[in-house]
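[1] I would like the atomic coordinates for the input below:
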Amino acid sequence: MPFLLSILREIRDPRDINARHDLAELLFLALLATLCGAKSCVDIADFVEGREDELREIVALEHGCPSHDTFSRVFRLLDADELSRSFAAFTAALRQTLGPSPRGVVAVDGKSLRRGYTKGRVFMPPLMVSVWDAETRLSIAAARAPEGDEVTATLDLLKSLDLKGCTVTADALHCRPDTAKALIGKKAHYALGLKGNRPKLFAAAERSFAAAAEIAFFETSESAHGRTETRRASVLPLKRLLDPPAFPGLKAIGRIEASRSVAGGKPTTSVRYVALSKVLMPKRLAETVRAHWTIENQLHWSLDVVFHEDDARTRKDNGPQNLAIIRRLAQNILQAHPLDKPIASKMRRARWNRDFLFQLFTHMR
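    Numbering: from 1, shown residues only. Below is the predicted model:
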C-alpha cells in the first residue's frame, strides 16, 4: 500500500490550492472501492462512508469522507496521461513480483467506453487502447485514443514500454510501416494481422500461398457446445513470397485457415494472414494468434461483465478515461492475487472481508 500511495503522490493535483482532500488518498480510495465492486463515483463515496473506520487505518481522511461530487470533480480534472503513467509504473512493479520479465506475447487492442460519449456524440464514444501481457494476464498500459485515433495512441504507448524479446500482436489496423519500425526499434518482434488495407502485401500473400507446392502446417480441432472448429496454421518465409512489397522487418507471412461446423448447419470457413518479423514454426504461429485473443477473453470480457464498463455513464471531460484506468488497475491487482478463484469471486471476498481486501496489496513482495 505505501508503494502504491507513493506512486499516486507523484501525480500533479489539478485543483486549486485550497482543496481539502489529499489527491493520492482520493485515488487510492477510488481504487479500493473499485476492488470491492463500486461502479460509479456515487458508489465510491458510499463505500468510503460505510467503511470509514477501517479506512482510517490506512489513510488519514483528515477532513472526513469525500462526497461523490469531490470524486467526480477530481476525475474530470485529472490529467489522464499522468494517471496512465502511474498505472504503467505500478504494473511494471507488479509484473516483477510474478517472476522474471515476461518475453511472450503482448497484445494491443482498442475498446470503446460505450456510454462515455459527450453530449451529441453518441456515435463516437471514447476509445481506450490497452496493452496486454498474455503471459502474466496483466494490462500493462492503457490510454485514450485522441478522436478515436487508435494508431497514434498505440504508438505513444509503445514508446514507454520495455518490449525487448516480446512478440507484439495487433489487428490489421496496425499493419503499418510506422508501427513495424516502432516495434523493431524496441527490439520486439511483431505478428500483425494482414488484410486489404495493405493491398500489395495482401495480394502477395494470397499469390504465394496459392502457388506454394508443399507447406508444412499445424492443425488443431476443438469440439464443444455442438460445434467443431478446426484451425490450420502455416508459414511462408520471405524468400518464398512472390514479389512482396517492402515492409519494415518482414521475415515471413503466416496463414490461419479456420473452419467451423455446427450441428444442423452449414460449415463456414475463413482465411487470415499475419505479417511476421520472425519466421515461426506453424505450431508457434497458432499459439501466438490464440494468445492474442486473450485480450478479448480475459481483459475486455472481465471489464464488461465484472466491472460493468459498458454501463459506466461518466461522460464529462477526463472522467471516462480516468475511471477506465482505475478499473484496469483494479483488474490487475485482483488477477495477480494467488487465490485460485475467478476475478468476480475475489471481488466479492474483498467486499465482504476486510482482511482479504488489505491482503490484495500486502501479498506483493
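[2] Centroid-nearest residue for this protein?
    residue 130 (3.3 Å; C-alpha atoms, centre = their mean).
[3] Okay, now the sheet partners of the helix or strand where that one lies, with direction.
    Per DSSP states H and E, residue 130 falls inside strand 127-133. Its sheet considered, strand 127-133 pairs with strand 105-112 (antiparallel), strand 138-144 (antiparallel) by DSSP bridges.
[4] how far is the last one from where the chain is centred?
    With C-alpha atoms, centre = their mean, to the nearest Å as the basis, the distance from the averaged C-alpha position of strand 138-144 to the chain average is 5 Å.
[5] buried set for that strand?
    138, 139, 140, 141, 142, 143, 144 (16 or more other C-beta atoms under 10 Å). To be clear about C-beta, it is placed using only N, CA and C from the backbone, and glycine gets the same treatment.
[6] Please name the residues that touch residue 51.
    residue 354 (C-beta atoms under 8 Å, 6 or more residues apart in numbering).
[7] give me phi/psi at it?
    Phi and psi for residue 51, reported as degrees, to the nearest 10, are phi -120, psi 30.
[8] that older thread, what lies in contact with the strand holding residue 130?
    95, 102, 104, 106-113, 138-145, 148, 150, 153-154, 157-158, 161, 294-295, 298-300, 321, 324, 328.
[9] From residue 94, how far out is residue 352?
    Taking C-beta to C-beta, to the nearest Å as the measure, residue 352 falls 24 Å from residue 94.
[10] circling back: export the strands paired with strand 127-133 to a markdown table and tack on distance to residue 206?
    Shown next, in a markdown table, are the strands paired with strand 127-133 (distance: least, C-beta to C-beta, whole Å):
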| stretch | distance to residue 206 |
| --- | --- |
| strand 105-112 | 25 |
| strand 138-144 | 34 |
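[11] can you list those in JSON lines and add mean pLDDT?
    Shown next, in JSON lines, are those (pLDDT from 0 to 100):
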{"stretch": "strand 105-112", "mean pLDDT": "94"}
{"stretch": "strand 138-144", "mean pLDDT": "92"}
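[12] Tell me which of these sits nearest to residue 259.
    Residue 259 lies closest to strand 105-112 among these, at 24.1 Å (C-beta to C-beta).
[13] Send me the closest one as CSV with only the CA atoms.
    This file holds the C-alpha atoms of strand 105-112, laid out as CSV (Å, rounded to 0.1, in the frame of the first residue of the first chain):
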residue,chain,number,x,y,z
VAL,A,105,3.0,-12.4,-26.5
VAL,A,106,2.0,-8.8,-25.8
ALA,A,107,-1.4,-7.9,-27.4
VAL,A,108,-2.7,-4.5,-28.4
ASP,A,109,-6.4,-3.7,-28.9
GLY,A,110,-8.9,-0.9,-28.5
LYS,A,111,-12.2,-0.9,-26.6
SER,A,112,-14.9,1.7,-26.7
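[14] which outside residues touch that strand?
    Taking C-beta under 8 Å, 6+ apart as the rule, strand 105-112 contacts 125-135, 140, 145, 150, 153-154, 157, 161, 163, 166-171, 174, 188, 191, 288, 291-296, 300, 303, 309.
[15] what about 6 Å?
    125, 127-129, 131-134, 150, 154, 166-170, 288, 291-292, 295, 300 (C-beta atoms under 6 Å, 6 or more residues apart in numbering).
[16] Out of the contacts of strand 127-133, which end up buried?
    Buried, going by 16+ other C-beta under 10 Å: 95, 102, 106-113, 138-145, 150, 153-154, 157-158, 161, 294-295, 298-300, 321, 324, 328, out of the contacts of strand 127-133.
[17] quick one on the thing from earlier: let me know which of the strands paired with strand 127-133 is the nearest to residue 272.
    strand 105-112 (15.2 Å).
[18] Next, please give the residue ranges for the helices of the stretch 1-150 of the chain.
    In the stretch 1-150 of the chain, the segments counted as helices under DSSP state H, counting those that start in this stretch are 2-8, 23-35, 41-50, 52-55, 68-77, 80-97, 150-159.
[19] Buried ones in the third one, by neighbour count?
    With burial defined by 16+ other C-beta under 10 Å, the residues of helix 41-50 counted as buried are 41, 43, 44, 45, 47, 48.
[20] Next, format the buried residues of strand 138-144 as TSV and append distance to residue 343.
    Shown next, in TSV, are the buried residues of strand 138-144 (distance: C-beta to C-beta, whole Å):
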residue	distance to residue 343
138	12
139	12
140	17
141	20
142	17
143	22
144	23
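[21] Between those, which sits nearest residue 70?
    Among the buried residues of strand 138-144, and counting by C-beta to C-beta, the member closest to residue 70 is residue 144, at 22.7 Å.
[22] Tell me who's in contact with that closest one.
    126, 128, 321.
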